[in-house]
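Engineer: Here is a sequence with its predicted model. Questions after.
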Amino acid sequence: MTHRGAIVSALVVLALLVGGRWALGRDPVETILVEPGPGMPVATASPSAPPGTPTPTPPGPTATPTAKAPKPPTATGPIETRRLTGSKKVALTFDDGPHPTWTPKVLDLLRRNGVKATFCLVGTEVHQYPALVQRIVREGHTLCNHTWHHELDLGTKPEAEIRANLEATNREIRRAVPGAKIKFFRHPGGMWTAAAVKVSRELGMTALGWDVDPLDWKKPSSEAIRTRVINQARPGSIVLLHDGGGDRAATLAACPSIMGELKRKYGIALLN
Ligand SMILES: [Zn+2]
């Protein structure tokens, strides 16, 4: 390996180590090495965790890919995740919220279009905006656990740590909405591991993947988002969009047309 190659490798390892930090809106696996764009929240901007909930921990030895590790967990997922609805109808999912600006606008749009969706919620945001979780549930949408702090590397942690994280997130959601059903778990960045899938199943949640990803977190134009969704969609697609993690004006602007076209071609169903 050249000197330069070694530096690049070291940077990659470093990026993976900090991958557990807040990295909103960066769901695709390949995005974890990309620097956050302007306006993206950083870890230091996040609220402190309430008592009894796990806080993001500095990377420990278990996260370090070394020669000793017999089988480094694969982070190239998806592993046994649900990527299709099971019928012709497609489903919409919104990640990284609730967000005080964008989630209400997305909810307004869904209501106007008579569409129900699934919201993949981040625990720290639920803690800040419980009323938005209440509105999501009140308006008939489905809930999905998206970890406490959007930890991209959660799946590489010991099972007990994964479980504590998911339970804390569910607890926070149910603090906002007592008895809320949380049917799904979506790993941040799609960085699924067998352990993450196993723990989520043990907690009664289905590992929720996706089939259509317009990369809206990269802030393309609303027309690009619309075109990508329509071009990628097929019967039964699960569409990944973002209501949280940054300025979602383009996603919002694309949504009426996306909803109209998907409804016409396939119908839009709520995941169950
Ligand atoms: Zn996410």
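Structural biologist: Received, thanks.
Engineer: Check what pLDDT the closest residue to G86 other than its chain neighbours gets.
Structural biologist: Leaving aside its chain neighbours, G86 sits nearest to G236 (6.6 Å; criterion: CB to CB, 6 or more residues apart in numbering). Glycine gets a C-beta too; all of them are placed from N, C-alpha and C. With respect to pLDDT, G236 scores 97.
Engineer: correct me, but G236 touches V90?
Structural biologist: Yes: using CB atoms under 8 Å, G236 is in contact with V90, at 6.6 Å.
Engineer: Can you tell me which residue of the stretch 101-250 of the chain sits closest to the ion?
Structural biologist: Proximity of the stretch 101-250 of the chain to the ion (CB to the ion) peaks at P188, 4.7 Å away.
Engineer: Wait, that residue touches C144, no?
Structural biologist: No: when contacts are counted by CB under 8 Å, P188 is not listed as touching C144 (11.7 Å).
Engineer: and the two? which has more neighbours close in?
Structural biologist: Neighbours were counted for P188 and for C144 using other CB atoms under 10 Å; P188 has more, 27 against 22.
Engineer: The top strand by length along the chain: partners in the sheet, and parallel or antiparallel?
Structural biologist: Ranked by number of residues, the top strand in the chain under DSSP state E is strand 91-97. If you go by DSSP bridges, strand 91-97 pairs up with strand 118-121 (parallel), strand 238-242 (parallel).
Engineer: Which positions in that strand come out as buried?
Structural biologist: Judged by neighbour count (16 or more other CB atoms under 10 Å), strand 91-97 contains these buried residues: A91, L92, T93, F94, D95, D96, G97.
Engineer: Look up the residues forming beta bridges with the fourth one.
Structural biologist: Taking DSSP bridges, one finds F119, L241 as the beta-bridge partners of F94.
Engineer: mind checking pLDDT for it?
Structural biologist: According to the model, F94 scores 98 on pLDDT.
Engineer: and the gap between it and G179?
Structural biologist: Taking CB to CB, to the nearest Å as the measure, F94 falls 22 Å from G179.
Engineer: same thing with the second one?
Structural biologist: Computed with CB to CB, the distance linking L92 and G179 is 24 Å.
Engineer: what's the neighbour count on R201?
Structural biologist: 13.
Engineer: and if you look at the one 5 residues further on?
Structural biologist: The local packing count at T206 equals 18, with neighbours defined by other CB under 10 Å.
Engineer: Per-residue pLDDT of it, please?
Structural biologist: T206 is assigned a pLDDT of 96 by the prediction.
Engineer: Closest one of the buried residues of strand 91-97 to K219?
Structural biologist: D96 (13.6 Å; CB to CB).
Engineer: Chain neighbours aside, what residue packs nearest to that closest one?
Structural biologist: Nearest to D96 is G244, by CB to CB, 6+ apart, at 3.3 Å.
Engineer: List the contacts of that neighbour.
Structural biologist: L24, G25, F94, D95, D96, G97, P98, H99, W102, T103, V122, E125 (CB atoms under 8 Å, 6 or more residues apart in numbering).
Engineer: Would it be right to say that F184 lies in a strand?
Structural biologist: Yes: counting by DSSP: H, G, I helix; E, B strand; the rest coil, F184 is located in a strand.
Engineer: how near is it to V199?
Structural biologist: Counting by CB to CB, the gap from F184 to V199 is 14 Å.
Engineer: How many residues are close by E261?
Structural biologist: For E261, the count of nearby residues is 14 (other CB under 10 Å).
Engineer: hang on, the earlier thing: same drill for G236 and V90, tell me which one is more crowded.
Structural biologist: Neighbours per residue (other CB under 10 Å) separate G236 from V90, with V90 holding more: 25 against 17.
Engineer: How are the helices of the stretch 101-250 of the chain distributed by residue range?
Structural biologist: Using DSSP state H, counting those that start in this stretch, the helices of the stretch 101-250 of the chain run over 102-113, 123-128, 130-138, 159-176, 194-202, 222-232, 249-265.
Engineer: now these as a markdown table including mean pLDDT and distance to the ion?
Structural biologist: Compiled in a markdown table, the helices of the stretch 101-250 of the chain are given as follows (pLDDT from 0 to 100; distance: least, CB to the ion, whole Å):
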| stretch | mean pLDDT | distance to the ion |
| --- | --- | --- |
| helix 102-113 | 98 | 14 |
| helix 123-128 | 98 | 11 |
| helix 130-138 | 98 | 16 |
| helix 159-176 | 98 | 13 |
| helix 194-202 | 96 | 14 |
| helix 222-232 | 98 | 16 |
| helix 249-265 | 98 | 13 |
